[in-house]
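# sequence and predicted structure, then a few things I'm wondering about:
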Amino acid sequence: MTEARPTAAAPAALWERDEEVAAVARAVDALCADRSSSGALLVFRGEAGLGKTALLATARRLAEARGCAVQHARGGETLRSVPYNVVRQLLQPALLPLHPDEARDLLGDWYDIVGPALGTADPGERQADPRGVCDGLVETVRRLADGEAPLVLLIDDLHWADQETLRWLAAFAEHLGELPVLVVTAFRSGDATGDSARYLGTVAALAHAPVTTLSLLTHEAAAGLTRATLGAGADDPFCREVWTVTGGNPYDTVELLAKVRDSALEPVAANAAGLRALNEAGRGVGLIARLEELGVDAHRFAWAAAVLGTGITVSLCAALTTMSRDEAVRCAGLLRDDRILVASGPGDDALEFRHPLIATAVYESIPDGLRRAMHGIAARLVTDLGLGAAAASRHLLQVHPDDDEELVEQLREAAREHLAVGAPDAARHCLERALEEPPPPETHARVLYELGCATLLTSPATTVGHLREALGMPDLHGDERVDAVVRLSQALLHNDQLEEAVRTVETEAARHPDGPARLRLQAVQYMWEGIHAGESVVPGRSERLAALAATCTGRDNAERALLILRAFDAMTRGESAEEIAALCDRALVDGRLAPGLGWTDTEWGLELLMMLASAYACTDRLDRADALFAEALRAYETAGWSGGHLALAHAYVGLGHRRRGRLPEAEASLRESLRLAERVGRGLPLYWSATCNLVDTLLARGHVDEAWEIAEQYDFAPPYPSTIVLPDPRSVRGRLLLAVGRTKDGVNELEAAEKAATARGHHNPVMVPWAVDLARALAGEDPARAARLADEARRQAERFGTDTAVGEALRCAAALETGRRAVGLAAQAAARLAASPCRYEHAAAQVEYGIAARSPAELDRGLALARDCGADGLARRAERALRDATGPDRTP
């Protein structure tokens, strides 16, 4: 318990808050003492009226006195549906004074991503990625923290913050150890639910000191505050009654004492009985009774202010209540005099409620029908001011449903505006409310479709329901219906219902005659079938796809999609690499992706383009593959798509580095991919891509223990995903088990890989490299089977025809031989892989050739290649072989 009496300069609401004030002062001192020090997050928790706002006001005074740049914001009970409301309050004051060119210089590529969310730039045409906007907001604060003055951010009533702000703060708090920023925030317990409560919990857990729970005033503090306000003559019974009727709540105590002082009530025992009535006049029914005493017009003005919630002005309240300007000014004065409203800026026009408790009581006292009608009027006022549908939407959400077609259109427009700034949850609320209106029959299906699109990334299961309902209505036709079916299949895919996704597009395709719509649906069907990693294959699928692709010239994107799908299917089956590359080339326009088929275009999705890039990568066309991977990464970073899309782009950039033999670079890209994938969620295909490729890369580097740790930490084990992952996870896990000495388990895993690949017709030795590892593992106990596997691997490699595939098959064959035949095969492998763009495989073949031939010169070449690749384990093997070949005095 702190001392009862505060410092002389402290406001009344800070009695018994010395420890909390001292904690803030220490944090400000630490921030100002060393700008290179890490930041801090202080969190205060308490029920309404316990002094949270006064504490943050003190933090502001302390920080400003030390020359800090202070930004402050506050959540609002009726403003939780306004996306980015609180973070806008924090950051707009620092950005709005800047010329757009200055803001671009400050934020760089993040300007176009965060500007629309902060209201400092117009949104683009493309739907913004919420995670990208969140990351951009984190970066914005990072750059503001580089200014001359230490940065302090204060957030009051965090429990009423919008979900987008809470998501940002939870993410930003993780970076405070790297930034010289002090964040001080306060919230009530129990007022947030769902995701908001989860984000609040994350923020509290990341606080740099234990969360401080503010306590009620003790009897001694209440007595001290009573005498400090009313004079030393306040007697003990009176002081005790003050504490009793207020329950020790600081806000109630301050308000009660102000009423005692204003009423000239003598603070003695004889008058103590009247305190309870005075206290009740400040809250709930008593507050409303006070409003009624001020007159009908003042009461209506207070209602208007409560409906507006923020940006309250005398002018807006006058318009909302249809009273004259003079009458509105008079009412505002009455409400200020009665301590209900206070001025919130220079002049008398801008207003706010004295305390959130008062705002809540006034808002809840408005009759339901009247409150909804006032929100409708407020929405019109906001729209007439030119602030847009999104700004009006928080009012539109409260209007009573009444078959209003215009309101439906306003809500649809608001949803589009919310999506453009990266607020899909806000868009969802608008469209769900539009359905309650309800929309007219000819629009209903489109609203459901838009709702399904809005929830695709955040709630695939919900999207499935909305789109199925939309498709069951008669008013969705033509391209809109085809779009809805494709979106539904995407949602099913993301919801791990791949087989249902295939059936959905197949059924819809059968309803259409030959033409562009049917061709698009067939392409999507083949795409989902192509990435399915199940134990069975649709009979005749590859043949039908080949026949359909043979008719395609690449004249439109549906035909280009079919060419890509045919190339990918041929690649998985191990057909001619030359023909596969030719198919891929035909799908391009002048060597580039066609318009409408880019990485951020939504009609086809990223899966198709990943198939294209993978086909190039596996056929040794790494220049093409690298260009596509780099373009994907650049497109997603520029667009601010920092969720699953960016994670997958990093994974495939890592795959490109791995194929090139740039192993350290591959590891870095894949670790970044895994970091991003962790934020999206475990178990998704992109998560497997990152984990599988990282394990494969670490094994190539010779970092076996690290590879095992990654596999254990990220559940790289059966059951495997329902979609194809490159390289094959079973093959990579089998190799990992062999590397850690679990030979039997490794053989079993590789045999499972063989069975799955055979069932799917996947005979590409580059994509599914189980055969060469299984042959080596069986060489000792079953040499005959090992030889058969090696022969089959070589046959499949020759059929595929790339230098990498043939060279790897020759390496395997050499490992099973001895003497001069082993040397000859090893030499062939090294020569073939020297022509391959895959440097790690070349390095491995060169070292193995040097070992087989016992040639120091060849080992020297192999060692240089291994070091250049970052293949530490291979380099150590070459060094040992060199010592064996040349004696212990040889220094590699």
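All right, it came through fine. Numbering: from 1, shown residues only.
# counting contacts, what elements does the helix or strand of the chain with the lowest mean pLDDT pack onto?
Least confident helix or strand of the chain, by mean pLDDT, DSSP states H and E, is helix 284-294 with a mean of 83. Other elements packing on helix 284-294 under the criterion 3 or more CB pairs under 8 Å, 6 or more residues apart in numbering; DSSP states H and E are helix 275-280, helix 296-308, helix 325-337, helix 356-365. Just so you know, the C-beta spots here come from the backbone N, C-alpha and C atoms, and that holds for glycine as well.
# buried stuff in that helix?
Under the neighbour-count criterion of 16 or more other CB atoms under 10 Å, helix 284-294 has 287-288, 290-291, 294 buried.
# in the stretch 201-350 of the chain, what spans have low per-residue confidence?
Along the stretch 201-350 of the chain, segments meeting pLDDT under 70 span 282-285, 346-348.
# which residues does stretch 24-33 contact?
37, 39-40, 42, 55, 58-59, 62-63, 66-68, 150, 152, 180-182, 184 (CB atoms under 8 Å, 6 or more residues apart in numbering).
# and the residues you listed, which are buried?
Applying 16+ other CB under 10 Å to the contacts of stretch 24-33, the neighbour count classes 39-40, 42, 55, 58-59, 62-63, 66, 68, 150, 152, 180-182, 184 as buried.
# pick out the lowest-pLDDT one from the residues you listed.
Least confident of the buried ones among the contacts of stretch 24-33 in the model: residue 39, at 86.
# touching, residue 323 and residue 299? I think so.
No: taking contacts as CB atoms under 8 Å, residue 323 lies outside contact range of residue 299: 11.7 Å.
# among those two, which residue is more densely surrounded?
Comparing residue 323 with residue 299 by other CB atoms under 10 Å, the one with more neighbours is residue 299, at 22 against 18.
# my read is that that one contacts residue 291, right?
Yes: here residue 299 reaches residue 291: they are 4.7 Å apart, a contact under CB under 8 Å.
# look up how far residue 266 lies from the residue nearest the centre of the chain.
Nearest to the geometric centre of the chain sits residue 131, at 3.0 Å (CA atoms, centre = their mean). Counting by CB to CB, to the nearest Å, the gap from residue 131 to residue 266 is 62 Å.
# quick one: residues contacting residue 834.
842, 846.
# let's see the pLDDT reported for it.
97.
# what of residue 780?
92.
# check residue 365 too.
If you check residue 365, the pLDDT there is 93.
# for it, what are its contacts?
Contacts of residue 365 (CB under 8 Å, 6+ apart): 288, 291, 303.
# nearest residue to the first one other than its sequence neighbours?
In other words, residue 288. Of all residues not flanking residue 288 in the chain, residue 365 sits nearest, at 4.9 Å (CB to CB, 6 or more residues apart in numbering).
# try the last one
Residue nearest to residue 303 in three dimensions, not counting chain neighbours: residue 366, with 5.0 Å by CB to CB, 6+ apart.
# distance of that neighbour from residue 357?
In terms of CB to CB, residue 366 sits 16 Å off from residue 357.
# and if you look at residue 382?
26 Å.
# show me which of these two is the more surrounded one.
Shown here are residue 382 and residue 357; by other CB under 10 Å, residue 382 has more neighbours (22 against 19).
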